[in-house]
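>>> Fold the following for me, if possible:
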Amino acid sequence: MAGKIYIAKQSAVVFLESGDRVTLRGGVTRVREGHPLLEGRESMFEEIDVHYDVETARQAPKAEAKPEPKAEPKAEAKAAPAEAKAEAVPAKTASAPRRGPRKT
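Now for the predicted structure:
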(Lines give C-alpha, C1' and ligand atoms only; values in the text may rest on other atoms or scores of the structure.)
Protein backbone atom coordinates (compact mmCIF):
# COMPACT_ATOMS: atom_id res chain seq x y z
CA MET A 1 0.00 0.00 0.00
CA ALA A 2 3.00 2.26 0.29
CA GLY A 3 3.53 4.49 -2.69
CA LYS A 4 3.72 8.06 -3.84
CA ILE A 5 0.93 10.49 -3.07
CA TYR A 6 0.07 13.43 -5.30
CA ILE A 7 -1.88 16.63 -4.58
CA ALA A 8 -3.81 18.71 -7.10
CA LYS A 9 -2.09 21.95 -8.17
CA GLN A 10 -5.30 23.62 -9.37
CA SER A 11 -9.06 23.24 -9.07
CA ALA A 12 -10.86 21.55 -11.97
CA VAL A 13 -13.67 19.19 -12.95
CA VAL A 14 -12.55 16.05 -14.80
CA PHE A 15 -14.35 13.05 -16.25
CA LEU A 16 -13.04 9.51 -15.80
CA GLU A 17 -13.26 6.80 -18.47
CA SER A 18 -16.06 5.18 -16.45
CA GLY A 19 -18.14 8.35 -16.97
CA ASP A 20 -17.83 9.55 -13.37
CA ARG A 21 -17.36 13.28 -12.83
CA VAL A 22 -14.73 14.24 -10.22
CA THR A 23 -14.13 17.70 -8.77
CA LEU A 24 -10.51 18.49 -7.93
CA ARG A 25 -9.67 21.16 -5.36
CA GLY A 26 -6.25 22.74 -5.68
CA GLY A 27 -4.09 22.02 -2.63
CA VAL A 28 -6.72 19.71 -1.14
CA THR A 29 -7.42 16.71 -3.40
CA ARG A 30 -4.91 13.89 -2.86
CA VAL A 31 -4.44 10.89 -5.14
CA ARG A 32 -2.31 7.79 -4.66
CA GLU A 33 0.06 6.48 -7.27
CA GLY A 34 -1.72 4.36 -9.90
CA HIS A 35 -5.20 5.87 -9.37
CA PRO A 36 -7.26 6.24 -12.58
CA LEU A 37 -7.71 9.97 -11.85
CA LEU A 38 -3.97 10.47 -12.22
CA GLU A 39 -3.63 8.74 -15.62
CA GLY A 40 -3.03 11.32 -18.36
CA ARG A 41 -3.33 14.20 -15.88
CA GLU A 42 0.10 14.05 -14.23
CA SER A 43 0.71 17.74 -15.01
CA MET A 44 -2.24 18.71 -12.78
CA PHE A 45 -0.66 17.05 -9.73
CA GLU A 46 2.58 17.32 -7.78
CA GLU A 47 4.17 14.72 -5.52
CA ILE A 48 4.11 15.33 -1.78
CA ASP A 49 6.36 13.93 0.93
CA VAL A 50 4.57 11.88 3.53
CA HIS A 51 6.11 11.49 6.97
CA TYR A 52 4.67 8.64 8.98
CA ASP A 53 4.94 8.63 12.76
CA VAL A 54 6.75 5.44 13.66
CA GLU A 55 7.86 4.58 17.16
CA THR A 56 10.09 1.85 18.44
CA ALA A 57 9.43 -0.29 21.51
CA ARG A 58 11.69 1.99 23.54
CA GLN A 59 9.59 5.01 22.62
CA ALA A 60 6.35 3.51 23.93
CA PRO A 61 4.33 5.71 26.29
CA LYS A 62 5.22 5.45 29.97
CA ALA A 63 2.71 4.45 32.63
CA GLU A 64 1.05 7.36 34.38
CA ALA A 65 1.94 7.96 38.02
CA LYS A 66 -0.86 7.37 40.52
CA PRO A 67 -2.03 10.54 42.31
CA GLU A 68 -1.28 10.76 46.01
CA PRO A 69 -4.33 10.60 48.33
CA LYS A 70 -5.25 13.83 50.07
CA ALA A 71 -4.90 13.91 53.85
CA GLU A 72 -8.05 14.99 55.76
CA PRO A 73 -7.91 17.00 59.00
CA LYS A 74 -8.38 14.59 61.92
CA ALA A 75 -10.68 16.67 64.14
CA GLU A 76 -13.11 17.65 61.41
CA ALA A 77 -13.02 14.20 59.79
CA LYS A 78 -14.62 12.51 62.83
CA ALA A 79 -17.42 15.05 63.29
CA ALA A 80 -18.25 15.63 59.64
CA PRO A 81 -19.59 12.14 58.72
CA ALA A 82 -22.27 12.17 61.44
CA GLU A 83 -23.51 15.59 60.38
CA ALA A 84 -23.39 14.60 56.72
CA LYS A 85 -25.61 11.57 57.37
CA ALA A 86 -28.23 13.68 59.12
CA GLU A 87 -28.27 16.22 56.30
CA ALA A 88 -28.33 13.56 53.58
CA VAL A 89 -31.84 12.30 54.48
CA PRO A 90 -34.28 13.96 52.08
CA ALA A 91 -37.45 15.49 53.47
CA LYS A 92 -40.71 13.83 52.38
CA THR A 93 -42.61 15.80 49.81
CA ALA A 94 -46.21 15.69 48.69
CA SER A 95 -46.93 13.36 45.79
CA ALA A 96 -47.44 14.83 42.37
CA PRO A 97 -51.02 15.68 41.39
CA ARG A 98 -52.84 13.02 39.41
CA ARG A 99 -53.57 13.45 35.75
CA GLY A 100 -57.06 12.64 34.51
CA PRO A 101 -60.06 11.27 36.39
CA ARG A 102 -59.78 8.60 39.07
CA LYS A 103 -61.02 5.14 38.36
CA THR A 104 -63.91 4.03 40.53
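>>> V22: what's it in contact with?
13-16, 37 (Cβ atoms under 8 Å, 6 or more residues apart in numbering). In short, each C-beta sits where N, CA and C put it, glycine included.
>>> Which among those residues count as buried?
Neighbour-count burial (16 or more other Cβ atoms under 10 Å) applied to the contacts of V22 gives L37.
>>> can you put the contacts of V22 in a markdown table and add pLDDT, distance to M44 and secondary structure?
Listed next are those as a markdown table, based on pLDDT from 0 to 100; distance: Cβ to Cβ, whole Å; DSSP: H, G, I helix; E, B strand; the rest coil:
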| residue | pLDDT | distance to M44 | secondary structure |
| --- | --- | --- | --- |
| V13 | 93 | 12 | strand |
| V14 | 90 | 8 | strand |
| F15 | 89 | 13 | strand |
| L16 | 85 | 14 | coil |
| L37 | 87 | 9 | coil |
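>>> for the contacts of V22, which one is nearest R102?
Taking Cβ to Cβ as the measure, R102 sits nearest to V13 out of the contacts of V22, at 70.8 Å.
>>> How about the closest one: what's its closest non-neighbour residue?
Nearest non-adjacent residue to V13, counting by Cβ to Cβ, 6 or more residues apart in numbering: T23, 5.3 Å away.
>>> Sort out which one of the contacts of V22 lies nearest R99 for me.
Distances from R99 to those, taken by Cβ to Cβ, are shortest for V13, at 61.0 Å.
>>> Just to be sure, S43 is in a helix?
Yes - according to DSSP: H, G, I helix; E, B strand; the rest coil, S43 belongs to a helix.
>>> Okay, it and H51: tell me how far apart.
25 Å (Cβ to Cβ, to the nearest Å).
>>> ok, those two, which is more surrounded?
The residue with more neighbours, out of S43 and H51, is S43; 8 against 5, by other Cβ atoms under 10 Å.
>>> still on that earlier bit, and which of the contacts of V22 is nearest G3?
Comparing the contacts of V22 against G3 with Cβ to Cβ places L37 closest, at 14.2 Å.
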